[in-house]
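Visitor: coordinates for the following, if possible.
(one chain, ligands or ions: 1)
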Amino acid sequence: MEPKAARLSRTVLTEIILPADTNYHNTVFGGRVMQYIDKVATIASMRHCRKSVVTASSDSLDFFAPVKLGEAIQLEAFVTWTHRSSMEVYVKIESENLLTGEKKHTATSFLTFVALDEVGQPCPVPGIIAETDEEKKLFESAEARFTARKLRKEARL
Ligand SMILES: CC(=O)SCCNC(=O)CCNC(=O)[C@H](O)C(C)(C)COP(=O)(O)OP(=O)(O)OC[C@H]1O[C@@H](n2cnc3c(N)ncnc32)[C@H](O)[C@@H]1OP(=O)(O)O
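Guide: Okay, here's the model as predicted:
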């Protein structure tokens, strides 16, 4: 199977934060951000493998700054690395004050998706070609994160 460029999986999701998305601080619910993350990362992983996928795991989600009511939230995702059937997806999240244009780095997350065949079994996915400095840095460090996840899974059994 031919490897594919990471850029081909790049996916951007932009939303405006409305009252129904907020907590009593008038900032976005963490759970809503997690929903957006899963959505954008699902699309990125499906763009890479062109198969059905499931979310296998989500690593730690680090919030650096809140997103306020009326601001835009933008999530950018791409596949950083693959193993046999699994794909690591990196998601970078920014907020934007739509009146001033000020942008803030809000959160980052790593998730793992697994491609499934027609009978729901994990199936092979293409490798990744990392081109930009960011893609190369994440590609080179991905195997260590994969190993850490495996150890975490084994420790849970
Ligand atoms: C679309 C949605 O809404 S998804 C909703 C939420 N997600 C789900 O319901 C998924 C539930 N989990 C599952 O279906 C299964 O555990 C699967 C498909 C993720 C893995 O199935 P398993 O029987 O464990 O398969 P297997 O041991 O062969 O592993 C398959 C791959 O999954 C990876 N994997 C399995 N569990 C995890 C995990 N917790 N974290 C990261 N990767 C994992 C393995 O490393 C392996 O990767 P590789 O093929 O690249 O080496």
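
Visitor: longest strand anywhere in this structure?
Guide: strand 103-116 (DSSP state E).

Visitor: low pLDDT regions in this protein?
Guide: 157 (pLDDT under 70).

Visitor: show me what from it comes close to the ligand.
Guide: Within reach of the ligand by C-beta under 6 Å from any ligand atom, the chain has these residues: 54-57, 83-86, 112, 114, 122, 149, 153. Every C-beta, even on glycine, is put in place using the N, C-alpha and C of the backbone.

Visitor: so what's residue 22 up against?
Guide: By C-beta atoms under 8 Å, 6 or more residues apart in numbering, the residues touching residue 22 are 28, 29, 69.

Visitor: mind giving me the packing neighbours of the helix or strand just after the longest strand of the chain?
Guide: Later in the chain than strand 103-116, the nearest helix or strand by DSSP states H and E is strand 128-129. When contacts are defined as 3 or more C-beta pairs under 8 Å, 6 or more residues apart in numbering; DSSP states H and E, strand 128-129 packs onto strand 4-5, strand 72-82.

Visitor: strand partners of strand 128-129, parallel vs antiparallel please.
Guide: strand 4-5 (parallel) (DSSP bridges).
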